[in-house]
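K.L.:
My questions concern the predicted model and sequence given below.
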Amino acid sequence: MLNDFGFEEKGERFVSVFTKMELDKLSVMYDGDKDRDATSKIRGFLFQDYVTIMCLLKNQVEYVCSEYLEDVDVFFENGTFEFIQVKYYPNTNPNMKEISTDLYYQYLRLQMLHSTLTSIPSLYIHRETKVEKPTLDEMKRYIGLGNELPKSVTYPDTVDSETWLRKNVYISNKKAVQKEKLFATMASEKSLKEFVTKCDIFHKSNINQYKEELMEALAKAYPNPDKDGNDECWKLILLGLAISYMQRRYMLVNPCFDQMKVDKKEFDQYMAESTKTRTEQTIASYLVSIVCEEYGEVINHNDLSDLQTHMLNLIYQNTIRWINEMSKTVDGQYQLLNTLSVDEAGKIASYRGAIVDDRLRCMAECKRDFLNFLSYLWKIMLNICQEKVHEVTEISAHSELLNPFYYMVPRVTEYICLNFPEDKCINRTVILPRAGGDFNGVKRRIVARMVNMSQRPGKWFFADSKLMRGKNYYKYSTANVNENPTVVDLGEDSFYIECMDCIGIGEGEWDKTDVCSHCIFSVQCVKEGE
């Protein structure tokens, strides 16, 4: 017997209404989608991850899938199946014809396969001006059958419908062609009316506001066990934990439903276990949340092209994997801190022996400098990629350029050492924190640390308006690090400073390509002689 939530009651156990038969029907649909031409499709947009996590926090949810049939698929305990397109359009207009027909395509296949699930087609969208859901007349125009649209269609049985889909629709891997073939035979006025009735649009806040809403929801679901702890830091840790959990699935190759689904109970157990005690994962999760914050700021305040958005999204995903790997050990955290911090060498050296809470506090103190580090690293990577990649279809051929691991020098473990192959003069570079108002103090502390490195960087990316680029020597006293040195050939005991003025990381500057070969990778400063 089914209870009020659509479960078969057997003592204290409930059996999901999502039977193998129903899941097999969804698998038939996924078979037609997974082999599509995916040149314009990228996985794991941050806004989509936020929506996925928020759905997991809803009552009576059983599973959530990201990138299965739609951007997000939500399976409720009562047999309701919500398939969601997630769109983030802060500055552009959505293609409502494409979005609506995509959702109708999914709805129509569910009807053909005689699914017993209660289908809810949904659009979750952020846009300054709200959009209206399509009317029946608009859907008829979108379908484009005119007078040939029948009043109703009698579908074959489930087995024959599956066979028909494979023979007539899935023969193409182009989404537009698949929709056209399906609609030509199976669309009807009756199913369009049902679709328009069930379809809904949910308008969401911009990505930064939505992140705050999500963190509040996470903190409510998983309260901070430390009543005197920093609530903002706790929210960031929860967000990082949840994002890391979602991101694992984007690495799967040809995954099946069981691999792609996120079981709400398993997610809840993961979050509960991960928050019981502070561990290295706590620090890693905090840093992941900072990566999310940087990515959200960039895409929210810059008019990026479709190509730039694709590339930056992959850089963001790869950065999460790199940070999780780097910060899972105390030594990795120390390496990051020794790059970002403006503190004395002695204080940083004590990091390894500190308890987790104190180490987390040290990392939190470097938040601004970590954001600065990510900004310069990402913009340089984006600049390099844009010189080689001119179409979305070309990204896969240069995917290594979008991965921070590609630029790391693994044999150097004292700081984050970078090697940009495009820089023909230097093979060890470091991105340092901004000097800010305390220029002389920061300069002294950084030079004091760097001079004691066993493998010292040959180039410093040191952003500060007072500091001109050029050659310095490690044998200098910290007071003599030049602010306007002469450019000469570098030797083993020297280092080269780049002021970074030519790399635009401010609001509205990310859509502009900085030609690194003419500035930070060149011998001659473009500002010399101005």
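P.N.:
Structure's in. What do you need?

K.L.:
What distance do you get for the residue lying closest to Y406 once chain neighbours are set aside to H310?
P.N.:
Computed as C-beta to C-beta, 6 or more residues apart in numbering, the closest residue to Y406 that is not its neighbour in sequence is E400, at 4.7 Å. (Each C-beta comes from the backbone N, C-alpha and C, glycine too.) Using C-beta to C-beta, to the nearest Å, we find E400 at a distance of 15 Å from H310.

K.L.:
pull the helix or strand with minimum mean pLDDT from the protein.
P.N.:
Least confident helix or strand of the chain, by mean pLDDT, DSSP states H and E, is strand 8-10 with a mean of 40.

K.L.:
circling back to that earlier point, who's more crowded, E400 and H310?
P.N.:
H310 (20 against 10; other C-beta atoms under 10 Å).

K.L.:
does the more buried one sit in a helix or strand, and which one?
P.N.:
helix 306-326 (DSSP states H and E).

K.L.:
So which bits of that helix are buried?
P.N.:
307-324, 326 (16 or more other C-beta atoms under 10 Å).

K.L.:
Next, count neighbours for the closest residue to A463 other than its chain neighbours.
P.N.:
In space, and not counting its chain neighbours, A463 is closest to M500: 4.0 Å by C-beta to C-beta, 6+ apart. Neighbours of M500 under the rule other C-beta under 10 Å: 27.

K.L.:
same deal with the one 5 residues further on?
P.N.:
I505 has 18 neighbouring residues, counting by other C-beta under 10 Å.

K.L.:
List the contacts of the residue lying closest to it once chain neighbours are set aside.
P.N.:
Of all residues not flanking I505 in the chain, S375 sits nearest, at 4.1 Å (C-beta to C-beta, 6+ apart). Residues near S375 by C-beta atoms under 8 Å, 6 or more residues apart in numbering: 294, 298, 505.

K.L.:
Which of the three states applies to the last one?
P.N.:
What that stands for is I505. coil (DSSP: H, G, I helix; E, B strand; the rest coil).

K.L.:
I'd assumed K379 was in contact with it.
P.N.:
Yes. Assessed by C-beta atoms under 8 Å, I505 is found in contact with K379 at 5.2 Å.

K.L.:
Helices of the stretch 151-300 of the chain, residue ranges please.
P.N.:
Here the stretch 151-300 of the chain has its helices, by DSSP state H, counting those that start in this stretch, at 158-168, 175-186, 189-198, 207-221, 231-247, 257-260, 264-274, 280-300.

K.L.:
With mean neighbour count and mean pLDDT as new columns, can the ones you listed be given to me in TSV?
P.N.:
Converted to TSV, the helices of the stretch 151-300 of the chain look like this (neighbours: other C-beta atoms under 10 Å; pLDDT from 0 to 100):
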stretch	mean neighbour count	mean pLDDT
helix 158-168	15	96
helix 175-186	17	95
helix 189-198	16	97
helix 207-221	16	94
helix 231-247	22	92
helix 257-260	14	86
helix 264-274	15	94
helix 280-300	22	93
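
K.L.:
circling back to that earlier point, wait, doesn't the residue nearest to Y406 sit right on P421?
P.N.:
No. Taking contacts as C-beta under 8 Å, E400 lies outside contact range of P421: 10.5 Å.

K.L.:
who are the neighbours in contact with Y124?
P.N.:
51, 72, 84-87, 202, 204 are the contacts of Y124 under C-beta under 8 Å, 6+ apart.

K.L.:
if you set the cut-off to 7 Å instead, what comes out?
P.N.:
Under the criterion of C-beta atoms under 7 Å, 6 or more residues apart in numbering, the neighbours of Y124 are 51, 84, 86, 202, 204.

K.L.:
burial count for K367?
P.N.:
Neighbour tally, K367, other C-beta under 10 Å: 17.

K.L.:
what's the closest non-adjacent residue to it?
P.N.:
I290 (6.0 Å).

K.L.:
ok now do the one you found, which residues does it touch?
P.N.:
Contacts of I290 by C-beta under 7 Å, 6+ apart are 367, 370-371.
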